[in-house]
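Student: need the 3D shape of this:
(one chain, ligands or ions: 1)
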Amino acid sequence: MNKSGKTIVIIGAQWGDEGKGKITDYLATAYDYVVRYQGGNNAGHTVVVDGEVHKLHLLPSGVLYPQKRIVIGNGVVIDPAVLIDEMKQFEKKGRKLNLLISERAHVIFPFQVMLDKAIDAFKGKLGAGTTGRGIGPCYSDKADRSGIRMIDLLNPRTFKEKFELLFSKKTLALTQLYKQQCDLDKGTVMRQYQGYARKLKPYVGDVSLELNQALGRGKNIMFEGAQGVMLDLDHGAYPHTTSSNTIAGSVCTGAGIGPTRINEILGVVKAYLSRVGAGPLPTEDTGAIGNYLRERGKEYGTTTGRPRRCGWVDLVQLRYACRINGFTSLAITKIDVLDGLKTIPIAVGYRYKGGVINEFPTDLGVVEQCKPVYKELKGWPDYTPGQLSAMVHGGYPSLPKTMKEYLKFIADATQTPISLISLGQEREAVIEVL
Ligand code: IMP
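Tutor: Sure, this is the predicted structure:
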């Protein structure tokens, strides 16, 4: 019988920024490969190791473990300038990166970045409040087949031909359609990207082939999702979503492995909720308590620095996330941020037109009118760092009763077991629920 390594997919179960980077980093020890398979440098992962804060946008979190193979799959869109900058941060420390970049991944260009901002502004209130990193325009060029892949970038003749077309198409849209000034010089951008190609060439290869061969040799693979379920292009709160599929199914198309290869799917859930960008958010608290969560949870975008909108766990949304991802378990993060609250509201349904609905509506006009039905759960005291670290050492049984009740409430409502609880920023501050 063929040997097969095990796989896990890490998914943000809410609106992004659930603390996936921390969980990925924590679990990474058991995996040989850490793979990104969608999104681009719109993502931002913060991981703290030995007091040093690492902010990553494109490189998989596994980069913090020198022996791991880190992989950027075909479903990712790559801004080479950003990637090279991130690589340099590690190379400066004398690290040789064990990196593989898919030859099928699409490349982001400056005119796509400019268009991203112009298009989002043009859309007014139908805009997504994008990160302005060129993600949407790059994916739309991919879908209309005028995009440029890593393999195209490496071939001077193909690159020149495709670049000429893409440059004309995008600069025409910028200047004629969106009436933007564009002083990009075609030759300069082309030369710049030829330089990037030289730097990245040694890392580019066939991701699907290597991952499948690795599994066959019994290697373990972790797939690291970016953004969150509600930002999924198909299943999220469209049009206020990102431009890629953020749900677990996207691993197959974004890395080139078959669905039967997926063993575990871990949904990462923040113990409260946050979102950046536009769109209805039923459990948002725009008052003092929202500010409290934002400050205490340091809820400012890793990529853009924007303040995040904060509120309470929404079980309507979370049950939906469980349904479309098939989570095998949940990781609850930042539960320490809730320390010291007398009661903690959790939305169990939405009140709409005199009735109660339990499923997340597709029509955002309906979501806008939904008022959460809250269940108030008892809080727990404000613990000192010493007390929190004692809980980490004591494991699940040492958690306060009311915290365990809060966790059990989420597990019961979603019919999904909780396997991990994160009580702080440091890599070690995690409890495994056995
Ligand atoms: P884009 O991905 O830059 O096109 O932005 C589309 C929407 O997704 C915006 O509302 C962004 O704020 C949001 N978004 C994109 N990446 C992230 C992320 O990593 N965390 C949270 N929100 C994100």
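Student: tally of neighbours for the residue of the stretch 201-350 of the chain found nearest the ligand?
Tutor: The minimum distance from the stretch 201-350 of the chain to the ligand, using CB to the nearest ligand atom, falls at residue 277 (2.1 Å). Heads up, the C-betas are built off the backbone N, CA and C, glycines and all. If you count neighbours by other CB atoms under 10 Å, residue 277 ends up with 23.
Student: what sits closest to it if chain neighbours are left out?
Tutor: Distances taken as CB to CB, 6 or more residues apart in numbering place residue 129 nearest to residue 277, at 3.6 Å, with adjacent residues excluded.
Student: got it, and residue 405?
Tutor: residue 377 (6.4 Å).
Student: hang on, the residue of the stretch 201-350 of the chain closest to the ligand is in a strand, isn't it?
Tutor: No: going by DSSP: H, G, I helix; E, B strand; the rest coil, the assignment for residue 277 is coil, not a strand.
Student: go through stretch 232-248 and flag the buried ones.
Tutor: Under the neighbour-count criterion of 16 or more other CB atoms under 10 Å, stretch 232-248 has 232-233, 235-237, 240-248 buried.
Student: is any residue of that stretch near the ligand?
Tutor: Yes: shown here: stretch 232-248 in contact with the ligand (CB under 6 Å from any ligand atom) through 240, 242, 243.
Student: make a markdown table from those and add distance to residue 154 to it.
Tutor: Shown next, in a markdown table, are the residues of stretch 232-248 next to the ligand (distance: CB to CB, whole Å):
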| residue | distance to residue 154 |
| --- | --- |
| 240 | 36 |
| 242 | 27 |
| 243 | 24 |
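Student: tell me the least confident of the residues you listed?
Tutor: Scanning the residues of stretch 232-248 next to the ligand for pLDDT, the smallest score is found at residue 240, 94.
Student: following the strand ranked longest in the chain, which helix or strand comes up?
Tutor: Longest strand in the chain by number of residues (criterion: DSSP state E): strand 343-352. Next helix or strand after strand 343-352 toward the C-terminus (DSSP states H and E): strand 355-357.
Student: that following strand pairs with which strands, parallel or anti?
Tutor: Strands that pair with strand 355-357, judged by DSSP bridges, come out as strand 343-352 (antiparallel).
Student: quick revisit: ok, so of the buried residues of stretch 232-248, who is nearest residue 198?
Tutor: Each of the buried residues of stretch 232-248 was checked against residue 198 using CB to CB; the closest is residue 244, at 27.8 Å.
Student: now the buried residues of stretch 232-248 in TSV, with secondary structure and distance to residue 431?
Tutor: Listed next are these as TSV, based on DSSP: H, G, I helix; E, B strand; the rest coil; distance: CB to CB, whole Å:
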residue	secondary structure	distance to residue 431
232	coil	29
233	coil	34
235	coil	30
236	coil	30
237	coil	32
240	coil	34
241	coil	32
242	coil	31
243	coil	36
244	coil	32
245	coil	31
246	coil	26
247	coil	27
248	coil	24
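Student: residues in contact with the lowest-mean-pLDDT helix or strand in the chain?
Tutor: Sorting the helices and strands of the chain by mean pLDDT, DSSP states H and E puts strand 45-49 at the bottom, at a mean of 75. Residues outside strand 45-49 that contact it (CB atoms under 8 Å, 6 or more residues apart in numbering) are 20-22, 24-25, 53-57, 61, 64, 302, 425-427.
Student: quick one on the thing from earlier: phi, psi of the residue of the stretch 201-350 of the chain closest to the ligand?
Tutor: phi 90, psi -180 (degrees, to the nearest 10).
Student: what do you get for residue 432?
Tutor: In terms of degrees, to the nearest 10, the main-chain angles of residue 432 are phi -90, psi 130.
Student: looking at the contacts of strand 45-49, which are in helices?
Tutor: Among the contacts of strand 45-49, the ones falling in helices (DSSP state H) are 20, 21, 22, 24, 25.
Student: buried residues in stretch 40-59, which are they?
Tutor: Under 16+ other CB under 10 Å, the buried positions of stretch 40-59 are 40-48, 54, 56-59.
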